[in-house]
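In: Have a look; sequence and predicted model below, questions after that.
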Amino acid sequence: MSTPLTTADLMQQLEQAMVQAAQPHHAGRTLVTVDVHLSCMRPAHGPLVASAQVVGGGKTLRFCEAQLHDSAGAVVAQALGTLRAV
């Protein structure tokens, strides 16, 4: 079996998914991460698929959640994040 991905690898994928989900609400502005809470459910191996959705926010802040799924469809990690448009 391959070496599990690191927490930093998981965080990067989840954060990128949240930025992509929030970007349409803030066209032409840069999004910066204010806060992220990461939960790792199991070791992550192989190709992963990230999904994210905006769950709230206002003019400059967006609250997002994201999940990483393995090839069997199981959630290996999830994150809740707050992003600010600057």
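Out: Looks like it came in fine. Since the model is a prediction, treat every value here as computed from it, not as a measurement.
In: From residue 59, how far out is the residue most central in space within the chain?
Out: Residue closest to the average C-alpha location in the chain (C-alpha atoms, centre = their mean): residue 14, at 2.4 Å. The gap separating residue 14 from residue 59 is 24 Å, by C-beta to C-beta, to the nearest Å. C-beta here means a position set from N, CA and C on the backbone, and glycine is covered the same way.
In: Could you do residue 41 as well?
Out: Distance, residue 41 to residue 59, using C-beta to C-beta: 34 Å.
In: elements contacting the helix or strand where the residue nearest to the centre of the chain lies?
Out: Using DSSP states H and E, residue 14 sits within helix 7-22. Packing partners of helix 7-22 (3 or more C-beta pairs under 8 Å, 6 or more residues apart in numbering; DSSP states H and E): strand 31-40, strand 49-57, strand 61-69, strand 75-85.
In: Neighbouring strands - and their directions - for the longest one?
Out: Just to be clear, that refers to strand 75-85. Paired neighbours of strand 75-85 in the sheet (DSSP bridges): strand 31-40 (antiparallel), strand 61-69 (antiparallel).
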